[in-house]
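Engineer: what's the 3D shape of this:
(chains A and B)
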Amino acid sequence: MTTDLRNRLDDLVAEVPDHVHAESAVAWRMGARRRVRHRLVTGGAVLAVLALAGGVGLAVGPVTDPPPAHGSGETPSLSYPTRIERPLLHTGTLASNAGAIAGVVQRPDGWYAVGQHGQVWHLPGGSERGWLPALSPDGSRLAYVRGHGDSPDLVMLDLRAGTEKSTGLKPAFPTFRSPLPLHTQMFWSPDSSKLLVPVVPGPGQGEPTAEVVPVHGTARPLTNPVQGHVLPAGWYDDETFVWVAWKPGHSGLPVASATAILTNLRGRVTERIPLDMKKVWTDPPTSTSVSVPPGQESLALGTDQGPDLSVWRFHIGPAPSRPRTGTEVPPSPYGSTAGCPASWAGGTIELPASGYPDTILRTIGDEEADPSGYGSTIHADPRLHIGCSVWAADALSGTAYQDLGARIFDDSGRIHLDTTSWLSWHWRETLILGGMGVVVLSGVVLWVRRRRSRLTA
Amino acid sequence: MEDFEAWVVARRGALARTAYLLTGDVHLAEDLVQETLARVAQRWRRLERADVHDAYARTVMHHLAIDRWRRRKARPPELLTEHHPELGAEGPDVERRLVLRDALARLTPKQRAVLSLRFYEDLTEVQAAHVLGCSVNTVKSQSRAALERLRVLAPDLLASLSEEPTS
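Structural biologist: Down below sits the predicted model:
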C-alpha cells in the first residue's frame, strides 16, 4: 500500500518543481538579515537585563557584604544589623565557631544570638531563671547559664576560636536578695578577658559574693565591698570594678542618692563617689539596673516605675565635684523593656525598647554623643516577639548593616515604605508566593492554549 | 554562500514537491519553500557543521505549514492576481490526479504532514513523530485518520489501500 500511495503522490507532484520558484540569493539575504536582527535583539536583551540589574543594584545598594570572620582569630570591624528578619525556613543553632556576633535577644522560648548581618541562631539551653547572657564588648565571647533547676552551669564560649569552657560555677539567682533587678547580669571586662559573675554565697556567708573568671586561668572570688544594698555595675577599666551601693527607701530601691564604689580585682575599695539623683519620688520604683560602658567613665542608673523609665547618667571619672549630680536623660518615646539593662555604643546609651512597634533597641536622647538624634535603631520582625536584648559595645559603635529589606523599607531606604508596615516584614513571603502564583498561572495558560490547539486541530 | 546555493539547487525540487503536498497550492508552496530556505540560511553555518540541512529543512517546512494553518484566521485570505496553470490537468490519469489533489486539500494540515512524512518521505513513525515534535501515538492516529478520510473522499482511487503501513 505504501508504494502504491507513494507512486500516486509522486505522480501528483511531478510537475510542481517547474512552477515553484525559489531564489537562493534572496533566501540567503533574508537569512543574513535575520541573523543580524537576532544578534541585535539578543545583545539588546542581555544589555537590558544587565542595565536593569545594575539599576536595581544601584537603587538598592550592595546587599552582599563580606561574611563575618569565622574563627580567624583577628578582630573584625564589627557592625550591627538595623533589622532582624524572621528566618524563613529554619533557625539554626549557634555554632561554637560562628565568629563575633552583634548581640543576643530574648524570645519567649529562650535566648538567640544575632549575627552582625542579622542572622538569628538559637542558643541551646540558654540562661534560665532571669540570667542575662553576657556578651563581651568585641562580640567574640559569650557567657550564659546552661541548664536549670539545681544544676545551672556557667558556660563561656569563644566564638572565634570555637572553644567552650564550662566553669562549674553556680551563679546566684536574682532572688538572692531584695531589692532585686529583674535580671541578674554578668560583666565582661573592656578587654574581653575577664568576666565578673555574681555567685551563690558559700556556707556561712551572709552576703552574696562574686567571682572574677578569666578566659585563661582559674576563677578568683570577690567579696562585696560594703555591707548592705549593693549592685555590681560593670568595669571601670580592666583592673577596676564598679559597684553601686545605696541606703534604700521604704521600697528597698535607691531613691535619691547612691554611691559608686570602685574596687580592684581583690575587692579592695579604691574610691567612693557619691551620686545624687536630685529626684523626689511620689511612688517607689519597681526595679533598678546599673551599667557602666566598657572603658568609659560613665555610669547609667535606671529605674522603672510601671511603664515609665528614668535614667540618670553620672560621670565617675576624675572630677573635683562631690557628690556627682546625675543628668536625667529625657524619657524615651520608645518605652523600655522592664529590667533589661542598657547597652552602650561608646558613651551613648542604647536602650532596649518596647513601646514602639517592631523597635527593640533605640538610642535615647544624648545630643552630645549623637547630635543627629537618630543613633542606633534596631527593628525586629514582630513575629519574633523579642523582649530583652544585650548588644556588644563594639558592634553598636560600628557600622549599621542594612540588609536588602532595610535598604528597601527603612526610613532611609529607596522606596521609603514604613519600616513597621506589614509588607516590610512579609515582603519575602509575598515575593515567593507571587512568583509561585505567576508560575502556576503561566502553566495553566499554556495548558489551556495547548489543549485548545489540540481540540482545534 | 556557494555551499548554500549548491544545496538549494540539489534540494529545490524535493522541497517544492513536499511543500505542494503540505499546502495544496502552488503559490503557497512557493512561499513555504522560500521561507524554509530563509530559515535554513539563517542557521546555515551551524547546520553545516552538524550536517543536518535536510532534516532541519524538513522539520521547519512541516512546522511552518501547520503554523500557517493555525494563524489562518489572523490573516486575510490572499488574492492571487495571476492565473496559474492547474497542475496535473494534462496527460494520462488526469481525473485520478484531480480527485487525489482535492481529497488531500480536505485533510487537516497535520494529517497532510503525517501523510507526507510517512508515505512520501518514507519516514518511520518514530522519525515522523520526531520531525513533528509529537508522540508516536499521535502520528499513528493522525495517519489512520488521514487514510480513512482519503478512502471516504476518494473511494475508487484508494479502494486498494486496505492496510496501514507499519514502522
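Engineer: and the residue of chain B nearest chain A?
Structural biologist: Taking Cβ to the nearest Cβ as the measure, chain B has B:Ala41 as its residue closest to chain A, at 2.7 Å. (Glycine included, C-beta is placed from N, CA and C.)
Engineer: Now do the contacts for that residue.
Structural biologist: Contacts here follow Cβ atoms under 8 Å, 6 or more residues apart in numbering or on different chains; on that basis B:Ala41 touches A:27-28, A:30-32, B:4.
Engineer: just checking, next helix/strand downstream of the helix or strand containing it?
Structural biologist: Under the criterion DSSP states H and E, the helix or strand holding B:Ala41 is helix B:26-42. Next along the chain after helix B:26-42, taking DSSP H and E as the criterion, comes helix B:44-50.
Engineer: Quick one: mean pLDDT over that following helix.
Structural biologist: The average pLDDT within helix B:44-50 is 87.
Engineer: Indicate whether that helix makes contact with chain A.
Structural biologist: Yes. Part of helix B:44-50 sits near chain A under the criterion Cβ under 8 Å from any Cβ of the partner chain, namely B:Trp44.
Engineer: Can you name the next helix or strand after that helix?
Structural biologist: Toward the C-terminal end, the helix or strand that comes next after helix B:44-50 (DSSP H and E) is helix B:53-70.
Engineer: buried residues in the following helix or strand past that next one?
Structural biologist: Counting by DSSP H and E, the element after helix B:53-70 in chain order, helix or strand, is helix B:94-105. Counting neighbours by 16 or more other Cβ atoms under 10 Å in any protein chain shown, one finds that the buried residues in helix B:94-105 are B:96-97, B:99-101, B:103-104.
Engineer: just the CA coordinates of helix B:94-105, formatted as CSV?
Structural biologist: What follows is helix B:94-105, C-alpha atoms only, in CSV (Å, rounded to 0.1, in the frame of the first residue of the first chain):
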residue,chain,number,x,y,z
VAL,B,94,-6.0,13.4,-15.2
GLU,B,95,-9.2,12.6,-13.3
ARG,B,96,-7.4,10.4,-10.8
ARG,B,97,-4.8,13.2,-10.0
LEU,B,98,-7.5,15.8,-9.6
VAL,B,99,-9.5,13.6,-7.2
LEU,B,100,-6.4,12.9,-5.1
ARG,B,101,-5.5,16.6,-5.1
ASP,B,102,-9.0,17.6,-3.9
ALA,B,103,-9.0,14.9,-1.3
LEU,B,104,-5.6,16.0,0.1
ALA,B,105,-6.9,19.6,0.2
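Engineer: Please parse chain B into its domains.
Structural biologist: The record, using automatic domain parsing to delimit domains, assigns chain B the ranges B:1-76, B:89-159.
Engineer: In the chain, where's the longest helix?
Structural biologist: All of this refers to chain A. With secondary structure taken from DSSP state H, chain A has its longest helix at helix A:24-60.
Engineer: ah, I was thinking of chain B
Structural biologist: For chain B, the helix reaching the highest residue count under DSSP H is reported as helix B:2-23.
Engineer: Take the contacts of B:Ala41 and lay them out in TSV including pLDDT and neighbour count.
Structural biologist: Formatted as TSV, the contacts of B:Ala41 follow (pLDDT from 0 to 100; neighbours: other Cβ atoms under 10 Å in any protein chain shown):
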residue	pLDDT	neighbour count
A:Ala27	92	24
A:Trp28	93	20
A:Met30	92	18
A:Gly31	92	19
A:Ala32	92	15
B:Phe4	91	21
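Engineer: Mind checking if stretch A:19-28 is in reach of chain B?
Structural biologist: Yes. Under the criterion of Cβ under 8 Å from any Cβ, stretch A:19-28 makes contact with chain B via A:19-28.
Engineer: which two from those end up farthest apart in space?
Structural biologist: A:His19 and A:Trp28 (22.5 Å; Cβ to Cβ).
Engineer: Could you list which residues are in contact with the nearest residue to A:Met186 once chain neighbours are set aside?
Structural biologist: Excluding its sequence neighbours, the residue lying closest to A:Met186 (Cβ to Cβ, 6 or more residues apart in numbering or on different chains) is A:Ala134, at 3.9 Å. Taking Cβ under 8 Å, 6+ apart as the contact definition, A:Ala134 lies against A:142-144, A:185-188, A:195, A:390.
Engineer: Output those residues as TSV; include the columns neighbour count, secondary structure and pLDDT.
Structural biologist: As requested, the contacts of A:Ala134 are arranged in TSV below (neighbours: other Cβ atoms under 10 Å in any protein chain shown; DSSP: H, G, I helix; E, B strand; the rest coil; pLDDT from 0 to 100):
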residue	neighbour count	secondary structure	pLDDT
A:Leu142	28	strand	90
A:Ala143	26	strand	88
A:Tyr144	25	strand	85
A:Gln185	22	coil	77
A:Met186	25	coil	83
A:Phe187	24	strand	86
A:Trp188	25	strand	88
A:Leu195	24	strand	89
A:Val390	23	strand	84
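Engineer: Can you tell me which of those is nearest chain B?
Structural biologist: A:Leu142 (61.3 Å).
Engineer: starting at the chain centroid, how far to stretch B:47-55?
Structural biologist: In terms of Cα atoms, centre = their mean, to the nearest Å, the centre of stretch B:47-55 is found 20 Å from the chain centre.
Engineer: Could you list the buried residues of that stretch?
Structural biologist: Taking 16+ other Cβ under 10 Å as the basis for neighbour counts, the residues of stretch B:47-55 that come out buried are B:47, B:53.
Engineer: Now do it: everything it contacts.
Structural biologist: With Cβ under 8 Å, 6+ apart, stretch B:47-55 has contacts from B:3, B:7, B:11, B:40, B:44, B:56, B:131.
Engineer: Give me the spatial nearest neighbour of the second one, chain neighbours excluded.
Structural biologist: Excluding its sequence neighbours, the residue lying closest to B:Trp7 (Cβ to Cβ, 6+ apart) is B:His53, at 5.7 Å.
Engineer: What about A:Thr430, how many residues nearby?
Structural biologist: Residue neighbour count, defined by other Cβ atoms under 10 Å in any protein chain shown, stands at 11 for A:Thr430.
Engineer: I'd assumed A:Leu423 was in contact with it.
Structural biologist: Yes. Applying Cβ atoms under 8 Å as the test, A:Thr430 and A:Leu423 come out as touching, 6.7 Å apart.
Engineer: For the residue nearest the centre of chain B, which non-adjacent residue is closest in space?
Structural biologist: For chain B, the residue lying nearest the average C-alpha position, counting by Cα atoms, centre = their mean, turns out to be B:Leu22 (3.1 Å). By the measure of Cβ to Cβ, 6+ apart, the closest residue to B:Leu22 outside its immediate chain neighbours is B:Ala65, 4.0 Å from it.
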